[in-house]
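Asks: Sequence first, then the predicted structure:
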Amino acid sequence: MFLAGLIACAITGILILVRIILGKTTFDRILAVNSLGTVIVIGISLHGFYSSRPEFLDIAIVYALINFIGTVAVLKLFSTGSLGGDK
Amino acid sequence: MELILDIFTGICFFIGSLSIIIGACGLIKLPDVFSRIHAAGMIDTGGTAFFILGMIFQTGWSLITVKLILIGVFIFFTSPVTSHVTANLARQKNILPLGKKIGKIL
Amino acid sequence: MKSLILFFILITLWLLMSGHYSVLIISLGIFSCAFCVYVAKRGKLIDDEGLPIFFIPRLLNYLIWLFKEILKSNLSTAKVIINGKVEPETFTVKASQVTDVAKVIYANSITLTPGTVTTKMQKDIFEVHALNSDFGNDVRTNEMDNKVTWLEGKK
Amino acid sequence: MHNNPILRISTKILFAPIILFGLYVQFHGDFGPGGGFQAGVIVASAFILYSLVFGIEAGKKLFPTNVNLILLALGGIVYGGVGIVSMILGDEFLAYNILGSSPQSGQHIGILLVEFGVGLTVSNVMIALFNAFAGYDKVKEK
């Protein structure tokens, strides 16, 4: 059952990678990378249950956190040209 | 009892898998950034909610459940923020959405 | 006063996450929570925006309604993606909330239901992008707006 | 980016819980996956989020650069200090057994202190790196 969920996550990941490669604008790519991050968070928690080590959930929370902050940072860098400005 | 919980988990995982795969298809298929945000929102809400619900059925009431709920709350809290910021900055770069505009646009 | 409330929220979070209730770990937890409150106070983050507690009594009711909406619109979005018939539209709506926090909750609720996204905010006017006219009508009927105003409870 | 109310209010709400989660990972390093390195990165990420949203000047006001550099060095000193204390007490470098009354409690105290030093250094190095990169274009303008 957990294996089936993991396979679904893998298929989704491959489909999202297609969008990252096709791209067109940078916003498309950032959006797709953010979705890929969410899928990986689900995948990490499922893998923790699959190998019966639910401590992996800590890592999933950390991944979700870094995913959020990374997306905000990349968006800011791309739109204003600097990380430190207060615009 | 175990069997019933397993069946519930299976149903939740099935709906969740369907939801994330349709969301990913939407990411490929839909025409522009603003439409694709809806598909990404489907992955973030439908997919995560059902997968986490399924895992909660497996653990029962324990401290692991708290962490699962924390992941869910965190994703539900940050997903609209990133979606909005992406859309907002795309609008600031003067990318206009496809389709019709009703009334005056900001 | 607000710092004390934040401290109690954080210590509850710590006890729920930890699962090890020895004296050493709990005292480290109290130290950690005090450090968090100190840093948050230094950064001027503890105010009505950083700790919005005034709507917690009505939150559960609203969340149940919101989840129902999310499920419904997930289903409709899936249908639209499978059919492939997208007629996107952009329009503006007016938010009737008083505080910034309630406006943010309204904008986030619009974004959280797939099919509608808030693309710009200018004071109390939101620009919304919808996947087709059904989703657009859902926002234009102002049902969600009224719910959030009720959640805010200042009118 | 603090003109955008959505980003500003989410940062204000998330800031304290992120730091608390970082410290939780720090002090539960010996029960699950975690420890000094990850905890340092999480704590630093909270400060980085603050600097991203409110601007780097506000970030430096919240966490001054001189305090940052002192704590950066202090982490290394704590790490080395634990080793040297165990050498003074008559054992090898970083042998924790001698620190407590029994070998087990000694190891517990030793691991906790060493991890604390690692976490302190990693978080401060992260913040210093971010400040260096984010302040780069301002230096060039002058």
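Replies: Here it is on my side, so go on.

Asks: did I read that right, C:H129 in a helix?
Replies: No - C:H129: not assigned to a helix; according to DSSP: H, G, I helix; E, B strand; the rest coil it is strand.

Asks: Tally up the residues packed near it, please.
Replies: 30 (other Cβ atoms under 10 Å in any protein chain shown). Using the backbone N, CA and C atoms, a C-beta is placed for each residue, glycine as well.

Asks: Tell me what it is bridged to.
Replies: C:T90, C:V117 (DSSP bridges).

Asks: D:G106 and chain B, how far apart?
Replies: Note on D:G106: its distance to chain B, by Cβ to the nearest Cβ, to the nearest Å, is 29 Å.

Asks: Equivalent analysis for C:G19, please.
Replies: 4 Å.

Asks: Also C:V98?
Replies: For C:V98 relative to chain B (Cβ to the nearest Cβ), the value is 21 Å.

Asks: ok, the most centrally placed residue in chain C - contacts?
Replies: The centroid of chain C falls nearest to C:I105 when counting by Cα atoms, centre = their mean (4.2 Å). C:I105 sits next to C:V148, C:L151, C:E152 when contact means Cβ atoms under 8 Å, 6 or more residues apart in numbering or on different chains.

Asks: give me that answer again for 6 Å
Replies: C:V148 (Cβ atoms under 6 Å, 6 or more residues apart in numbering or on different chains).

Asks: name the element it belongs to?
Replies: In the assignment (DSSP states H and E), C:I105 maps to helix C:100-112.

Asks: Likewise for C:K120?
Replies: strand C:116-122.

Asks: one step back: let's see the pLDDT reported for the residue nearest to the centre of chain C.
Replies: Note on C:I105: pLDDT of 90.

Asks: can you pull out the helices in chain B?
Replies: Along chain B, counting by DSSP state H, helices occupy B:2-29, B:33-42, B:48-59, B:63-92.

Asks: is the third one up against chain C anywhere?
Replies: This means helix B:48-59. No - counting by Cβ under 6 Å from any Cβ of the partner chain, chain C is not contacted by helix B:48-59; separation bottoms out at 7.5 Å.

Asks: what about the residue of chain C found nearest chain A, how many neighbours?
Replies: Residue of chain C nearest chain A, by Cβ to the nearest Cβ: C:M17 (8.8 Å). When neighbours are defined as other Cβ under 10 Å, C:M17 has 19 of them.

Asks: in which helix or strand would I find it?
Replies: With DSSP H and E as criterion, C:M17 is part of helix C:2-18.

Asks: helix or strand right after that helix?
Replies: Downstream of helix C:2-18, the first helix or strand assigned by DSSP H and E is helix C:23-42.

Asks: got the angle for that next one vs helix C:2-18?
Replies: With axes from the mean of the first three to the mean of the last three Cα atoms, to 10 degrees as the basis, helix C:23-42 and helix C:2-18 are set at 140 degrees to each other.

Asks: and the next helix or strand after helix C:23-42, is it in reach of chain B?
Replies: Counting by DSSP H and E, the next helix or strand C-terminal to helix C:23-42 is helix C:59-83. Yes - using Cβ under 6 Å from any Cβ, helix C:59-83 reaches chain B at C:I70, C:N74, C:T77, C:A78, C:I81.

Asks: Average pLDDT for stretch B:34-54, rounded please.
Replies: 90.

Asks: Which residues of chain A lie near chain B?
Replies: Checking chain A against chain B by Cβ under 6 Å from any Cβ, the hits are A:1, A:5, A:8, A:12, A:15-16, A:18-19, A:27-28, A:31, A:34-35, A:38, A:42, A:54, A:57, A:60-61, A:64, A:68, A:71, A:75, A:79.

Asks: oh sorry, the question was meant for chain C
Replies: C:16, C:19, C:70, C:74, C:77-78, C:81, C:86, C:88-91, C:108, C:111-112, C:114-115, C:117-120, C:122, C:127, C:129, C:131.

Asks: where along chain D do the strands fall?
Replies: Ranges of strands in chain D, per DSSP state E: none exist.

Asks: Grab the nearest non-local neighbour of residue 33.
Replies: Picking chain A for this. A:I20 (6.5 Å; Cβ to Cβ, 6 or more residues apart in numbering or on different chains).

Asks: that's the other chain; I wanted chain B
Replies: According to Cβ to Cβ, 6+ apart, the nearest residue to B:V33 is A:F27 (4.8 Å).

Asks: Fine, thanks again, bye for now.
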